[in-house]
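*Asks:* Mind looking at a prediction? Sequence and model below.
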Amino acid sequence: MAEFSNGYVMGFATAVCVVASLALAGTHAVLKPTQDLNRVRDYQKDVLSALGLPEDGRRPVGEEIDRLWAERVGMIVIDTQTGAPQEGKSKADVDAAWAAVKNTPNPPSLLSVYTRKDGADVGTYAIEVRGRGLWGPISGFLALEKDAATVAGTVFFAPAETPGLGLEITADWFKSQWKGKKIDDGGKPRPIKVAKGKAADECRGEDLAFCVDGVSGATLTCRGVTAMVDAGVKMYEPFLRSIRGGTP
Amino acid sequence: MSTAAAEAKGSLQLFDKKVRKTFSDPLVDNNPITVQVLGVCSALAVTTQVKQALIMGIAVIFCTSLSNLILASIRNFIPNSIRIIVQLAVISVLVIFVDEVLAAYMYDLEKSLSVFIGLIITNCILLGRAEAYAMSNPPWPSFVDGLGNGLGYAVVLLVVGAARELFGAGSLLGFRLIPEAAYAMGYTNNGLMVLAPGAFMLLGLIIWAMRSWTGFEEH
């Protein structure tokens, strides 16, 4: 290998940097719109599935997601303390409220509720829950039937959890078992527990309505889910009580 | 000399015995994982499911073959004093490119694989082949060497992934293979298989099997 002058080495290094940056910047610029669309649709698809859309349980793709989202999903912003709907507030206000209580145990002052529109009726309410897994933040939606006590569907997001272990909380088998579980025990909020192993081994009889199977090998992530759902249900309790009382 | 004969000679050079050996050697006799023991970290991390192992394998094949090709093409212009950093730059560009493409067209997989795709940059196979082969060989054999090593890596990943998904989750590529009836009769998934220690043991067994088959001995 020939010896090169310092000037050549500097020039070569600069050329490599410039070519590499241009290649990556170009790739990113071309692909970014597709990636952003994927991100938004992925989120919407998960919320749709928690709400039970589409009704036949298929996985919607592409523009079908946009259409379902526009036609069948509504969002209301509620005041956390009173549970009363707030007019004129948007998702940005809710995100700001969450950001304001970041790293504190306090609930945000505003909360969002996604609703499934069945014609003029509301078929399902999806409440948003946020918490911590083993490696990072986890979040999700708990969709509730009209009685505001029975779980209609769930979705979880766990970007930092280990694939095959903690990330399994985002898998279909884990999500689907929440359907039909209860968050209300005779008028009192009661959290759903993620068991260490099979729910049937830990909970008996009536208790099974408040218990789901855990992910083996991901006990800490599952504890995070239990805590997150517990905190979420308590935060939304004023709102949920107002639905049960008949005055949403 | 007729054009046909010249073409025949050209293709003979493209796929002559030496090049074929460059390709087949890393599949078994000099497998990057079982013989060179490179890239073991990712082999343990992404093999809980076959689908992940498959995409990871394809990504590594793409990156090692192209990084070898690019580096071999410019090998005579790379100053010796900064060659490692140039190799890393080329490898990083390819890996980030793969990650970007996955995020655009295979979003669901990218979500679960992203961190491991990024770690291909530090995968010893890529830097190892670049330094040991591409820097001193012409572009075409280097490309083939990259293909072979990537494939050798992918094959071991698939074997480990298949075993772990089958015994750890009872399925392959997401399709349930072990029937519900077996679970009802008391069969349970082997939790050890989805954890890293399970992968270690499997990999150890595979290395043992491959080495006794090929008669490889450590010197």
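*Replies:* Yep, that arrived. Because the structure is predicted, anything quoted here is derived from the model rather than measured.
*Asks:* Up against chain B, what does chain A have?
*Replies:* Chain A comes close to chain B at residues A:1-4, A:8-9, A:12-13, A:16-17, A:20, A:23-24, A:27-28, A:31, A:34-35, A:38-39, A:42, A:159, A:163-165, A:167, A:216-217, as judged by C-beta under 8 Å from any C-beta of the partner chain. Bear in mind the C-beta positions are built from the backbone N, C-alpha and C, glycine included.
*Asks:* which of those count as buried?
*Replies:* Buried members of the residues of chain A next to chain B, scored by 16 or more other C-beta atoms under 10 Å in any protein chain shown, are A:4, A:12-13, A:16, A:20, A:27, A:31, A:35, A:38, A:159, A:163-165, A:167, A:216-217.
*Asks:* quick one: which of these is nearest chain B?
*Replies:* When those are ranked by distance to chain B (C-beta to the nearest C-beta), A:G164 comes first, at 2.9 Å.
*Asks:* Poorly predicted segments of the chain, please.
*Replies:* Going with chain A. In the predicted model, chain A carries pLDDT under 70 at residues A:1-2, A:246-248.
*Asks:* To clarify, I was referring to chain B.
*Replies:* In chain B (pLDDT under 70), the answer is B:1-14, B:219.
*Asks:* Pick out the residue of it closest to chain A.
*Replies:* Relative to chain A, the nearest point of chain B is B:T48 (2.9 Å; C-beta to the nearest C-beta).
*Asks:* residue contacts, that residue?
*Replies:* Under the criterion of C-beta atoms under 8 Å, 6 or more residues apart in numbering or on different chains, the neighbours of B:T48 are A:163-165, B:161, B:164-165, B:168-169, B:194.
*Asks:* and it, that one's in a helix?
*Replies:* No - checked against DSSP: H, G, I helix; E, B strand; the rest coil, B:T48 lies outside a helix; its state is coil.
*Asks:* from the contacts of B:T48, which two are the most distant?
*Replies:* A:L165 and B:G161 (14.9 Å; C-beta to C-beta).
*Asks:* that older thread, narrow the contacts of B:T48 to those in strands?
*Replies:* Using DSSP state E, no member of those sits in strands.
*Asks:* now these as a markdown table including distance to A:C222?
*Replies:* Putting the contacts of B:T48 into a markdown table (distance: C-beta to C-beta, whole Å) gives the following:
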| residue | distance to A:C222 |
| --- | --- |
| A:P163 | 16 |
| A:G164 | 14 |
| A:L165 | 10 |
| B:G161 | 24 |
| B:R164 | 21 |
| B:E165 | 21 |
| B:G168 | 17 |
| B:A169 | 17 |
| B:V194 | 14 |
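*Asks:* now, among these, which is nearest to B:V98?
*Replies:* Proximity of these to B:V98 (C-beta to C-beta) peaks at A:P163, which lies at 17.1 Å.
*Asks:* Quick check: that closest one touching B:Q49?
*Replies:* Yes - the criterion here is C-beta atoms under 8 Å, and A:P163 meets it with B:Q49 at 7.2 Å.
*Asks:* ok, how many other residues are close to residue 188?
*Replies:* Since you didn't name a chain, this refers to chain A. Using other C-beta atoms under 10 Å in any protein chain shown, A:K188 has 7 neighbouring residues.
*Asks:* oops, chain B please
*Replies:* 11.
*Asks:* Check which helix or strand it maps to.
*Replies:* Using DSSP states H and E, B:T188 sits within no helix or strand.
*Asks:* I'd like the distance between it and A:K193.
*Replies:* Note on B:T188: its distance to A:K193, by C-beta to C-beta, to the nearest Å, is 21 Å.
*Asks:* Tell me which stretches of the chain form helices.
*Replies:* Let's take chain A. Here chain A has its helices, by DSSP state H, at A:6-51, A:63-72, A:91-100, A:172-176, A:199-202, A:219-235, A:237-244.
*Asks:* was after chain B, sorry
*Replies:* Assigned by DSSP H, the helices in chain B fall at B:3-14, B:17-24, B:40-45, B:50-73, B:83-105, B:107-118, B:124-132, B:139-169, B:180-184, B:191-194, B:196-214.
*Asks:* distance between the fifth one and the chain's centre?
*Replies:* So that's helix B:83-105. Its chain's C-alpha centre and that of helix B:83-105 lie 15 Å apart, by C-alpha atoms, centre = their mean, to the nearest Å.
*Asks:* now the longest one
*Replies:* The gap between the average C-alpha position of helix B:139-169 and the chain average comes to 4 Å, counting by C-alpha atoms, centre = their mean.
*Asks:* Show the secondary-structure elements that that helix is packed against.
*Replies:* Secondary-structure packing of helix B:139-169 (3 or more C-beta pairs under 8 Å, 6 or more residues apart in numbering or on different chains; DSSP states H and E): helix B:17-24, helix B:40-45, helix B:50-73, helix B:124-132, strand B:171-172, helix B:191-194, helix B:196-214.
*Asks:* next one: the shortest one
*Replies:* In this structure, helix B:191-194 makes packing contacts with helix B:139-169, helix B:196-214, judged by 3+ C-beta pairs under 8 Å, 6+ apart.
*Asks:* Deepest-packed of these, please.
*Replies:* Stretch with highest mean neighbour count among the helices and strands packed on helix B:191-194: helix B:139-169 (a mean of 23; mean count of other C-beta atoms under 10 Å in any protein chain shown).
*Asks:* Could you pick out the residues of chain B near chain A for me?
*Replies:* Proximity of chain B to chain A, by C-beta under 8 Å from any C-beta, involves residues B:46, B:48-49, B:52, B:76-82, B:85-86, B:89-90, B:92-93, B:96-97, B:100-101, B:103-105, B:107-108, B:111-113, B:168-169, B:189, B:191, B:194-195.
*Asks:* so who does the residue nearest to the spatial centre of chain A touch?
*Replies:* Residue closest to the mean C-alpha point of chain A, counted by C-alpha atoms, centre = their mean, is A:G140 at 2.3 Å. Applying C-beta under 8 Å, 6+ apart, we find A:G140 in contact with A:50, A:128-130, A:154-157, A:225, A:228.
*Asks:* Any of those buried? List them.
*Replies:* With neighbours counted by 16+ other C-beta under 10 Å, the contacts of A:G140 contain buried members at A:50, A:128-130, A:154-157, A:225, A:228.
*Asks:* so how far is B:V90 from the closest residue to B:N68 other than its chain neighbours?
*Replies:* Among residues not flanking B:N68 along the chain, B:G146 sits closest, at 3.5 Å (C-beta to C-beta, 6 or more residues apart in numbering or on different chains). According to C-beta to C-beta, B:G146 and B:V90 sit 12 Å apart.
*Asks:* tell me, what's touching the two both at once?
*Replies:* When C-beta under 8 Å, 6+ apart defines a contact, the residues bordering B:G146 and B:V90 alike are B:S67.
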